[in-house]
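Q: quick check, what structure comes out for this input:
(one chain, ligands or ions: 1)
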Amino acid sequence: MQLLEERIRRDGVIKEGNVLKVDSFLNHQMDIKLFKEIGKEFKRRFAGEEINKILTIEASGIGIACVVAESFDVPVVFAKKTKTKNIAGDVYTSKVESFTHGRVYDIIVSKEFLTKDDRVLLIDDFLANGKALEGLADLVQLSGATLVGAGIVIEKGFQVGGEIIRSKGIHLESLAIVDGMDEKTGTIQFRKQKWDDLD
Ligand code: 5GP
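A: Presented below is the predicted three-dimensional model:
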């Protein structure tokens, strides 16, 4: 998605440890005009798919998922990160190892909001090693819902997440795929995608 790539080039900041900071427009301050274009692009990429729910993970996925959900005209559910295990049995739980914080936490979603009749699109801001998406996919599987696909705003193509998710047969669409970034020069390389010609 050209608009997004231009914005990453202009305002993205490359940090050590393969972290791309996009705090000025994506996950701290949020550019809702850009989010709307992101929503339209996911709608285009998943055209013809029956989707009745968006599932994301707190915190930085929520804003994006809300705007995407408006494009699809469906509700959003976000998985909560928690330190305390819920023993009441009214939630589905999985584990996620955080790329940015380097620790493992439980994620939960209420059984009330994810059921076997749901057809779910996962949405998140970044894909790195794939742990967040795997955790969300687990929750979908536990609920008996159908996983239609996953939409990612920025995939870091030099990390293993994309390969892992695609090898599981999950329909993954990443609006920008960063194949390389250089902290010293500030340069970012994007992967060419079939969608680029249609922009
Ligand atoms: P994964 O679970 O795929 O390893 O990492 C994805 C999660 O880690 C995303 O939810 C995102 O919040 C965070 N993340 C991974 N890489 C980056 C990055 O380069 N920049 C930022 N801002 N977040 C990242």
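
Q: going forward, measure contacts and count neighbours with C-alpha atoms only.
A: OK.

Q: would you agree Glu173 is in contact with Arg45?
A: Yes: using CA atoms under 8 Å, Glu173 is in contact with Arg45, at 7.2 Å.

Q: more crowded one of the two?
A: Glu173 (21 against 15; other CA atoms under 10 Å).

Q: for the more buried one, which residues make a bridge with it?
A: Here Glu173 sits in beta bridges with Gly151, going by DSSP bridges.

Q: so where's this protein uncertain?
A: Across the chain, the ranges flagged by pLDDT under 70 are 83-88, 197-199.

Q: the same query, at a cut-off of 90, please.
A: Scanning the chain for pLDDT under 90 picks out the ranges 17-18, 82-89, 98-103, 194-199.

Q: that one: helices as residue ranges?
A: 2-11, 32-45, 60-72, 131-143, 161-167 (DSSP state H).

Q: which non-adjacent residue is nearest the spatially most central residue of the chain?
A: The structure's the chain has its C-alpha centroid closest to Asp124; by CA atoms, centre = their mean the separation is 1.7 Å. The shortest distance from Asp124 to any non-neighbouring residue, by CA to CA, 6 or more residues apart in numbering, is to Gly61 (4.7 Å).

Q: can you get me a residue count around that neighbour?
A: Counted with other CA under 10 Å, Gly61 comes out at 22.

Q: Phe78 touches Glu58, doesn't it?
A: Yes: assessed by CA under 8 Å, Phe78 is found in contact with Glu58 at 6.1 Å.

Q: the two: which is more packed in?
A: Phe78 (23 against 14).

Q: and the more buried one, how far is that from the ligand?
A: Phe78 sits 12 Å away from the ligand, going by CA to the nearest ligand atom, to the nearest Å.

Q: so who does that residue touch?
A: Leu55, Thr56, Ile57, Glu58, Ile62, Val109 (CA atoms under 8 Å, 6 or more residues apart in numbering).

Q: the residue lying closest to Lys81 once chain neighbours are set aside: neighbour count?
A: Closest residue to Lys81 apart from its sequence neighbours, by CA to CA, 6+ apart: Ile107 at 4.5 Å. Using other CA under 10 Å, Ile107 has 25 neighbouring residues.

Q: do the same with Ala128
A: Around Ala128 there are 21 other residues, counting by other CA under 10 Å.

Q: between the contacts of Phe78, which is nearest Glu37?
A: Taking CA to CA as the measure, Ile62 is the one of the contacts of Phe78 closest to Glu37, at 16.1 Å.

Q: list, one by one, the residues from this structure near the ligand.
A: Contact residues (CA under 6 Å from any ligand atom) of the chain with the ligand: 18-22, 60, 98-100, 124-132, 161.

Q: select only the buried ones of those in PyMOL?
A: This is the PyMOL syntax for the buried subset of the residues of the chain next to the ligand, where burial follows 16 or more other CA atoms under 10 Å:
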select buried, resi 18+20+21+22+60+124+125+126+127+128+129+130+131+132+161
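
Q: restricted to strands, list the residues of the chain next to the ligand.
A: The strands, defined by DSSP state E, take in Val19, Leu20, Lys21, Asp124, Asp125, Phe126, Leu127 from these.
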